[in-house]
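**Q** could you look at this predicted model? Sequence included:
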Number of protein chains: 4
Amino acid sequence: MSKLSRAQLVKRARGIKLVIMDIDGVLTGGLIYHLVDQAGRLVEFKGVHAQDSIALSWLAQEGIRTGVISGRNSEGMAERLKLLKVSFIHQGRLDKKTVFDGILIEAGVSASEVLYMGDDLPDIPVLKAAGIAVTVPSGRAEVKAAAHWITRAQAGAGAVREVVELLLGAQGKWRAVLARFEAGPAD
Amino acid sequence: MSKLSRAQLVKRARGIKLVIMDIDGVLTGGLIYHLVDQAGRLVEFKGVHAQDSIALSWLAQEGIRTGVISGRNSEGMAERLKLLKVSFIHQGRLDKKTVFDGILIEAGVSASEVLYMGDDLPDIPVLKAAGIAVTVPSGRAEVKAAAHWITRAQAGAGAVREVVELLLGAQGKWRAVLARFEAGPAD
Amino acid sequence: MSKLSRAQLVKRARGIKLVIMDIDGVLTGGLIYHLVDQAGRLVEFKGVHAQDSIALSWLAQEGIRTGVISGRNSEGMAERLKLLKVSFIHQGRLDKKTVFDGILIEAGVSASEVLYMGDDLPDIPVLKAAGIAVTVPSGRAEVKAAAHWITRAQAGAGAVREVVELLLGAQGKWRAVLARFEAGPAD
Amino acid sequence: MSKLSRAQLVKRARGIKLVIMDIDGVLTGGLIYHLVDQAGRLVEFKGVHAQDSIALSWLAQEGIRTGVISGRNSEGMAERLKLLKVSFIHQGRLDKKTVFDGILIEAGVSASEVLYMGDDLPDIPVLKAAGIAVTVPSGRAEVKAAAHWITRAQAGAGAVREVVELLLGAQGKWRAVLARFEAGPAD
């Protein structure tokens, strides 16, 4: 798959209606922690950067729906994503393309209207189908080969934010986000 | 907003009576962890550096009050901040300017007597109002544009300490802090 | 112990039937967290990278069994490793060579058919016995001296993945792993 | 306080009978995590590197006692340190010199026979009293000025290990530690 120029990327970004991403190694840096609680439950947790998570909520507010497809299961992550108004939350699924196809039907969008972010082999079938395929600097070599674009920011440290700003910028919506926060007194 | 020279910064620092800051991405490096406990509660936690947290308690001891305004909710963080004698603790609030204005009234200080630290868009209205507006190296571009000063130390790794030392130094109080700890035998 | 050339390493890798590793500082970056829960239990947890853990499951799927020998005890880690189809899980054991010898008998393989990864002194007796002895960039000097190969990727950030890709590549099985994930539509 | 040459350091290290250290920013990288459990307890936890913690147990085995003096309280850390055979565990104490003096009496050693590691202002009175005063690369400037030696390895990532190897090496005990682990078959 050939890479897109910045201009081509921005052009495609105008038509994106849905952003779906892998969690581990994309929205997080990749580290997963496990503990067993007193009831014997295996509890999974991981860290998400505040600058990335707030950006997910901005996509939703500006009418671009969001979703995650993760091979892992974290109840804490699911609860947190609901608060960030993520519409499609699928965890514990490695057959990501099947899940992806189901989301397209439910959302009523075509694959070309979706931006997908992933970092590892299970993401490749979805990256090949998505209108814009994005990976991160720590994405595996085979994933980079399948992606249109590699973020400058690291996974779990601004990669998702970078994608959100690109999309909202391309669609002329970034100014509206800024306006909500810049109503302070003139300097 | 134009940046301040070091001399101008120190001059303004002399009049600061209150330090308010964002938590995520300022007092922490930005990562937020979530887990769901046995009772089904969503528990949020994050890491604060010991060199930053002890410095918050020194501000309070030297008569400079402290506060936090965070968009997120962490019960563990709130309990910890109380132990560090933080006077104003507001979590779960994205309308930071409203909270800020309320704190000014409660504290009986003017905005020009407040130093505020933030890293993301919700901090901008407060940064524009504060006497000294500080951000961190990982602050977003729009936030850096609104700040008087960018710390050298990273968020969650000394940025708050750097601000505390600047303030206590400018107000001639750093020597008193050191004196408490340097009463060892002569070398 | 003399280092192996890449060609020698690949040749030996063809005969590996079992991969055993230390956990802390190999599968993790080395950091261990402890908390005491309400029942007074000491709970230990640590972070594993998603790109490493998924690779462990691929080894099992391709018929190369896996095992861990750790000086530490983490119930959460044990539960997670079972899900990744790790066959031999021994925690809380510093006499690693004794455990290693027991695993060889149980698995019915010779030491020359085992690849072992370790980073610290307790790993040395096992590294000296294993067919391929691997360490990480943060392995102690004495461990590096005893190893055939030092990974390029850091512990807890791809070191295990690098070993898995080497083994599966040498045994002609990497293509099968990729094929499972690359069945997307032609570009 | 003037720095010591390597030769002077090794000479002093021969007489060290007790190693005492701060926890946060020395044995850990400095980050402290807090959560509130279902019973409303504030639970504090932090990460220690496996290569550092195992080295603490080697000191004890070789007859050099160990202790910690920390301004913070972590039940999980205390339980873990007991397993590492740390003799003197004092948490929640900022008056470190008082605690230090008490440990000297209890241990029956003089201050000149103690190596102390610290990174922040509360450590300075103890550093000034100790036979060998050590800090880490992230130690505050005032602490570096009071220390005889700054480790090359970072806090929470080998700094304690570096000190342990120096001491055991100077006292001719490192070979005994290695011997326990190098009894593998000849190469």
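**A** Here it is on my side, so go on.

**Q** mind checking if the helix or strand of chain A with the lowest mean pLDDT is in reach of chain C?
**A** Here the helix or strand of chain A ranked lowest by mean pLDDT, DSSP states H and E is strand A:42-45, holding a mean of 90. Yes. Strand A:42-45 reaches chain C (CB under 8 Å from any CB of the partner chain) through A:L42, A:V43. Placement of C-beta: from N, CA and C, glycine included.

**Q** against chain D, how distant is A:M21?
**A** 26 Å (CB to the nearest CB, to the nearest Å).

**Q** quick check, that residue in contact with A:D123.
**A** No. Applying CB atoms under 8 Å as the test, A:M21 and A:D123 come out as separate, 9.0 Å apart.

**Q** and those two? which has more neighbours close in?
**A** A:D123 (31 against 25; other CB atoms under 10 Å in any protein chain shown).

**Q** number of residues surrounding A:R14?
**A** 10.

**Q** same thing with A:E113?
**A** By other CB under 10 Å, 18 other residues sit near A:E113.

**Q** for it, give its distance to A:A50.
**A** A:E113 sits 28 Å away from A:A50, going by CB to CB, to the nearest Å.

**Q** just A:G92 next, same as before
**A** 26 Å.

**Q** then A:V164?
**A** Counting by CB to CB - A:V164 and A:A50 are separated by 13 Å.

**Q** off-centre distance for the host helix or strand of A:M77?
**A** Using DSSP states H and E, A:M77 falls within helix A:75-83. Relative to its chain's centre, helix A:75-83 lies at 14 Å (CA atoms, centre = their mean, to the nearest Å).

**Q** skipping its backbone neighbours, what lies nearest A:A111 in space?
**A** Of all residues not flanking A:A111 in the chain, A:A129 sits nearest, at 4.7 Å (CB to CB, 6 or more residues apart in numbering or on different chains).

**Q** could you count how many residues lie near the one you found?
**A** Neighbours around A:A129, by other CB under 10 Å: 19.

**Q** these two touch, right, it and A:V99?
**A** No. With contact defined as CB under 8 Å, A:A129 does not count as touching A:V99 (11.8 Å).

**Q** for the residue nearest to the spatial centre of chain A, what are phi and psi?
**A** In chain A, the residue lying closest to the centroid (CA atoms, centre = their mean) is A:M21, at 3.5 Å. A:M21 has phi and psi values of phi -150, psi 160 when expressed as degrees, to the nearest 10.

**Q** need the contact list for it.
**A** Residues in contact with A:M21 (CB atoms under 8 Å, 6 or more residues apart in numbering or on different chains) are A:L27, A:T66, A:G67, A:V68, A:I69, A:Y116, A:M117, A:G118, A:V160.

**Q** which of those fall within strands?
**A** Within the contacts of A:M21, residues falling in strands by DSSP state E are A:T66, A:G67, A:V68, A:I69, A:Y116, A:M117.

**Q** returning to what we had before: same for the helix holding A:M77, what does it pack against?
**A** Where contact means 3 or more CB pairs under 8 Å, 6 or more residues apart in numbering or on different chains; DSSP states H and E, helix A:75-83 is packed against strand A:42-45, strand A:88-90, strand B:31-36, strand B:42-45.

**Q** which residues touch the longest one?
**A** Outside strand B:31-36, the residues that touch it by CB under 8 Å, 6+ apart are A:33, A:43-50, A:53, A:74-77, A:79-80, A:156, B:24, B:42-47, B:72, B:74, D:33.

**Q** need the buried ones from the residues you listed selected in PyMOL.
**A** Those of the contacts of strand B:31-36 that count as buried under 16 or more other CB atoms under 10 Å in any protein chain shown are selected in PyMOL with:
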select buried, (chain A and resi 33+43+44+45+46+47+48+49+50+53+74+75+76+77+79+80+156) or (chain B and resi 24+42+43+44+45+46+47+72+74) or (chain D and resi 33)
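
**Q** show the contacting residues for A:G118.
**A** A:M21, A:D22, A:V26, A:K96, A:I124, A:V126, A:L127, A:A133, A:V134, A:T135, A:G139, A:V143 are the contacts of A:G118 under CB under 8 Å, 6+ apart.

**Q** show me which of the residues you listed is closest to chain D.
**A** Proximity of the contacts of A:G118 to chain D (CB to the nearest CB) peaks at A:V26, which lies at 23.2 Å.

**Q** surely that closest one is in contact with A:Y116?
**A** No. Look at A:V26 against A:Y116 with CB under 8 Å: they stay out of range, at 9.8 Å.

**Q** these two: which has the busier surroundings?
**A** Neighbours per residue (other CB under 10 Å) separate A:V26 from A:Y116, with A:V26 holding more: 30 against 27.

**Q** beta partners for A:Y33?
**A** Per DSSP bridges, the residues bridged to A:Y33 are A:F45, C:G47.

**Q** for stretch A:14-29, measure first residue to last.
**A** 28 Å (CA to CA, to the nearest Å).

**Q** ok, and for that stretch, which residues are buried?
**A** Going by 16+ other CB under 10 Å, stretch A:14-29 has these buried residues: A:15-29.

**Q** please, where are all the helices along chain A?
**A** For chain A, the helices defined by DSSP state H occupy A:6-13, A:50-61, A:75-83, A:96-107, A:124-129, A:141-146, A:159-170, A:174-181.

**Q** list only buried entries from the ones in strands among the contacts of A:M21.
**A** Buried among the ones in strands among the contacts of A:M21 by 16+ other CB under 10 Å: A:T66, A:G67, A:V68, A:I69, A:Y116, A:M117.

**Q** from those, pick the one nearest chain B.
**A** Nearest member of these to chain B, counting by CB to the nearest CB, is A:V68, at 13.7 Å.

**Q** quick check, that closest one in contact with A:F88.
**A** Yes. Counting by CB under 8 Å, A:V68 does reach A:F88; the two are 7.2 Å apart.
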